[in-house]
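**Student:** sharing a model prediction with you, sequence too.
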Amino acid sequence: MKKLKTLLIVAFAVATASVAHAADDLLIADFEGPDYGAWKATGEAFGSGPARGALAGQMQVEGFLGKGLVNTFRGGDDATGALSSTPFKIERRFVAFLIGGGHNEQKLALQLLVDGRVVRSATGPNDRSGGSEALAPDSWDVVDLAGQTASIRIVDEAKGGWGHLNVDHLRQTDTRPKGLQKNVERSIPVTARYLHLPIRNGAPKRVVTLMVDGKSVVRNDIELADGSADWWAPMDVSAWRGKTVTLRVDALPADSVALSAIEQGDGFKDEGSMYREPLRGQFHFSPKRGWNNDPNGMVFYNGEYHLFFQHNPYGWDWGNMHWGHAVSRDLIHWEELGDKLLPDDMGPMFSGSAVVDWKNTSGFGKDGKPPLVLIYTAAGNPTVQCIAYSTDGRKFTKFAGNPVLKEITGGNRDPKVMWHEASRKWVMVLYVERQKKHTIHFFNSPNLRDWSLTQIVEGDAPGKPYLFECPDFFELPVDGDPTRRKWVLLAANSAYAVGTFDGARFVPEQSNLAGQRGKGFYAPQTFSDIPGADGRRIQMGWFQTATKGMTFNQSMTVPLELRLLTTADGPRLTFTPVRELEALRAGSQRLGSLSLAPGAKNPLAKVQGELLEVRAVLKPGPATHIVFSIRGVPVVYDVKQQELVVAQHRAPAPLHDGTLDLIIYCDRTGLEVFASRGLCYVPMPVQPKPEDRSLSLEVQGGAVVFKNLEAHELQSAWTARKVMTPAGSVSPARPAFPANTASPTRP
Ligand code: FRU
């Protein structure tokens with residue numbers, strides 16, 4: 001590399017807080033040039049010169065100085081090689097550098113050599129999935145090598161995940177560098193409910209262990225902020241109020257303020273803006289803080305719907321899987337109660353389900369109260385299935401005899417359990433990846449503790465959607481007729497099979513059909529034990545609504561009512577928004593029936609709002625397109641194709657007797673559009689412009705007869721006065737829009 005010179009005395013124009021440079025430092029290499037200069041690279045991993053930040057397919061690389069660095073992700077993680085410097089004389093007390101990437105002391109090493117021998121070595125911090133590409137300062141004390149001739153070698157012999165190293169800015173210095181200190185601790189007498197940990201998204205992940213009475217209680221990988229925090233993650237330490245707990249961090253820069261910044265408090269930091277944040281979905285569940293993915297443990301128990309969820313309480317991205325917990329009496333207003341399953345020695349807490357054990361088959365019941373039992377995956381090595389129980393829906397105890405199901409393959413996870421009344425047995429469906437194939441394993445149990453395999457269903461079908469992780473299994477009446485029932489096996493992408501089941505064997509009649517037709521929908525689950533003769537089957541999915549800049553990330557879809565509807569092709573699953581959502585209507589404009597011609601004025605012009613619901617039943621007749629704009633997001637019905645187009649994404653939406661029914665929900669983070677009696681469900685993460693509150697409707701190609709048209713402004717489920725209606729009933733809407741002359745009837 002052009003500028004690369006050994007033993008160059010430099011004055012640094014760029015200095016960061018964590019890398020201080022003395023004027024008499026000697027630069028070994030800054031990797032700012034187009035090639036490696038006199039340094040010699042072998043193998044593929046180094047390419048022909050330094051990288052300028054992240055390479056294709058790599059997460060954000062930060063913490064290097066200037067524009068270039070050594071990044072051995074060239075050719076991906078599997079590429080290997082070495083890079084060697086020219087010799088130089090050791091003339092200062094320390095060799096300092098920036099290092100990041102994978103952790104492997106043998107195969108991923110920055111080495112100092114004297115006489116061909118490795119005399120010092122350093123590696124990166126990451127040895128598991130997740131993590132950060134950030135470089136951090138580190139150094140060697142080389143006082144014993146003064147005056148000797150040395151060289152640097154960077155070795156990448158590692159393949160697979162984190163099989164690369166990032167290195168930059170090698171220098172000699174007499175100023176003791178601020179390197180990483182190992183196992184830094186802070187003891188804190190607990191006086192409040194929470195410890196508030198400072199988080200900076202993208203900072204190096206530190207292993208943070210909470211120790212109580214000398215024992216490790218929980219261990220998380222946390223992007224601790226060394227300076228100003230992006231947000232504060234509350235760690236609930238109420239169980240140890242009055243005691244002194246210790247937080248231990250595996251490594252921190254010597255000048256880090258991460259531990260000293262931790263504060264205590266009984267509420268959350270920034271509590272005042274809770275649920276009012278600009279990108280908080282206002283009628284979609286999202287965690288107060290941190291990341292969510294799959295809904296878990298969905299069950300109705302003691303008058304409450306329970307929603308557990310895959311939660312990273314300490315990060316904006318996936319990681320540290322806990323089971324978060326929220327309850328609702330009406331499926332709309334949720335109260336988050338804190339994490340219930342924390343990672344333990346068996347691993348992080350992956351997805352699973354919940355049942356009410358009415359007959360106390362498990363023996364976990366107390367004083368005649370049936371236990372609520374959670375069935376989850378502990379995703380360590382081995383990855384196993386476990387259970388936990390509660391008799392109050394608040395406090396949960398992990399079963400002492402865990403695991404209840406040993407590892408089948410490393411890719412076995414997401415148990416969904418149900419009671420099969422006819423055979424009086426529990427049934428579990430479990431995703432098992434076997435030889436790179438997707439399979440669903442079926443098990444029986446008399447007591448939720450002992451499980452035996454009854455069947456293996458292949459999830460793959462050529463040319464069709466596949467049944468992947470997070471299976472669900474339930475029975476539904478066809479067309480609402482309780483005498484005609486079918487079983488549905490459904491998986492994470494919402495693909496499903498319909499068939500029969502005798503308590504042990506599922507026989508698919510139609511398999512691998514497409515479920516939802518939108519984007520950003522994954523890992524749905526249905527509630528167990530919903531009471532009522534109408535046998536409601538209500539599903540929620542993970543709604544992948546990324547909320548940059550917020551203290552939380554992702555959310556859940558609205559609750560969806562599932563039914564089986566007979567079509568010309570056989571029974572098909574339909575998805576419709578639950579009727580409970582109607583309680584959110586704050587102002588309504590009911591235009592009833594009307595005919596709309598091309599060029600007519602926008603009939604929805606008077607409706608403005610941030611949170612909206614629009615319903616229409618229409619006969620397109622000769623029209624070619626029916627065009628809604630929902631806060632600037634186009635929702636178009638393409639009559640010829642019989643397709644719904646939501647934000648340019650197309651989905652089949654068949655007419656029924658020449659009629660289309662349409663329901664649109666719009667929140668700050670996404671739209672959910674339903675058509676064709678629920679055969680077409682299009683979730684769509686999209687963030688309408690905050691200032692655009694408009695609604696419009698026009699038709700093209702011919703007049704359209706609307707049998708019904710209505711629009712509603714909705715209130716927030718979080719911040720509006722809560723009308724906790726009993727499940728199923730609906731509070732009356734308050735008219736807010738100007739009165740109109742249209743018929744007040746609803747379809
Ligand atoms: C689906 C999933 C599950 C797993 C969980 C881990 O999104 O990959 O299979 O249990 O997420 O968070």
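**Tutor:** All right, it came through fine. Everything numeric here is computed off the predicted structure, so don't read it as measured data.
**Student:** hmm, who's touching stretch 270-277?
**Tutor:** Outside stretch 270-277, the residues that touch it by CB atoms under 8 Å, 6 or more residues apart in numbering are 231-232, 268, 282, 288, 547, 550-552, 716, 718-719. The way it works is simple: take the backbone N, C-alpha and C, and place the C-beta from them, glycine included.
**Student:** mind redoing it with 10 Å?
**Tutor:** Under the contact criterion CB atoms under 10 Å, 6 or more residues apart in numbering, stretch 270-277 has outside partners 196, 231-232, 234, 265, 267-268, 280-282, 286, 288-289, 336, 547, 549-552, 668, 716-719.
**Student:** which of those fall in strands?
**Tutor:** Those of these mapping onto strands are 196, 231-232, 234, 265, 336, 552, per DSSP state E.
**Student:** please tell me how far the residue nearest to the spatial centre of the chain sits from the ligand.
**Tutor:** What sits nearest the mean C-alpha location of the chain, by CA atoms, centre = their mean, is residue 293, with 3.2 Å. Plainly put, residue 293 is 5 Å away from the ligand if you go by CB to the nearest ligand atom, to the nearest Å.
**Student:** are we agreed that that residue is in a strand?
**Tutor:** Yes: assessed by DSSP: H, G, I helix; E, B strand; the rest coil, residue 293 belongs to a strand.
**Student:** nearest residue to it in space, please, no chain neighbours.
**Tutor:** The shortest distance from residue 293 to any residue other than its chain neighbours is 4.2 Å, reached at residue 310 (CB to CB, 6 or more residues apart in numbering).
**Student:** with residue 122 instead?
**Tutor:** residue 110 (4.8 Å).
**Student:** can you tell me the SS state at the one you found?
**Tutor:** strand.
**Student:** correct me, but it touches residue 170?
**Tutor:** Yes: with contact defined as CB atoms under 10 Å, residue 110 reaches residue 170; the gap is 8.2 Å.
**Student:** need the overlap of contacts for those two.
**Tutor:** Common neighbours of residue 110 and residue 170 (CB under 10 Å, 6+ apart) are 70, 95, 97-99, 152, 154.
**Student:** from the residues you listed, which land in helices?
**Tutor:** Assigned to helices by DSSP state H, none of the shared contacts of residue 110 and residue 170 qualify.
**Student:** of those - the most surrounded one?
**Tutor:** Within those, neighbour counts (other CB atoms under 10 Å) peak at residue 70, which reaches 32 neighbours.
**Student:** what's the spacing between the most far-flung residue of the chain relative to its centre and the ligand?
**Tutor:** In the chain, counting by CA atoms, centre = their mean, residue 147 sits farthest out from the average C-alpha position, at 53.6 Å. Per CB to the nearest ligand atom, residue 147 is found 54 Å from the ligand.
**Student:** need the phi and psi values for that residue.
**Tutor:** When read as degrees, to the nearest 10, the backbone of residue 147 gives phi 80, psi -10.
**Student:** isn't it up against residue 88?
**Tutor:** No: Residue 147 is beyond contact range of residue 88, at 11.7 Å (criterion: CB under 10 Å).
**Student:** against residue 195, how distant is residue 321?
**Tutor:** Distance check for residue 321 against residue 195: by CB to CB, to the nearest Å, it reads 20 Å.
**Student:** show me which of these two is the more surrounded one.
**Tutor:** residue 321 (25 against 21).
**Student:** tell me the contacts of the more buried one?
**Tutor:** 291, 293-294, 296, 310-312, 341-343, 347-351, 376-379.
**Student:** mind redoing it with 8 Å?
**Tutor:** Residue 321 neighbours (CB under 8 Å, 6+ apart): 310-312, 343, 348-350, 379.
**Student:** how about it: what's its closest non-neighbour residue?
**Tutor:** Counting by CB to CB, 6+ apart, the residue nearest residue 321 is residue 348, at 3.9 Å.
**Student:** picking that back up, what pairs with the one helix or strand the residue nearest to residue 293 maps to, parallel or antiparallel?
**Tutor:** Using DSSP states H and E, residue 310 falls within strand 304-312. Sheet pairing for strand 304-312, assigned by DSSP bridges, gives strand 290-301 (antiparallel), strand 322-328 (antiparallel).
**Student:** anything in the shortest one near the ligand?
**Tutor:** If I follow you right, that is strand 322-328. No: Strand 322-328 is not in contact with the ligand by CB under 6 Å from any ligand atom; minimum separation 10.0 Å.
**Student:** how far off centre is that strand?
**Tutor:** Distance, stretch centre to chain centre, for strand 322-328: 14 Å (CA atoms, centre = their mean, to the nearest Å).
**Student:** cool, thanks, signing off.
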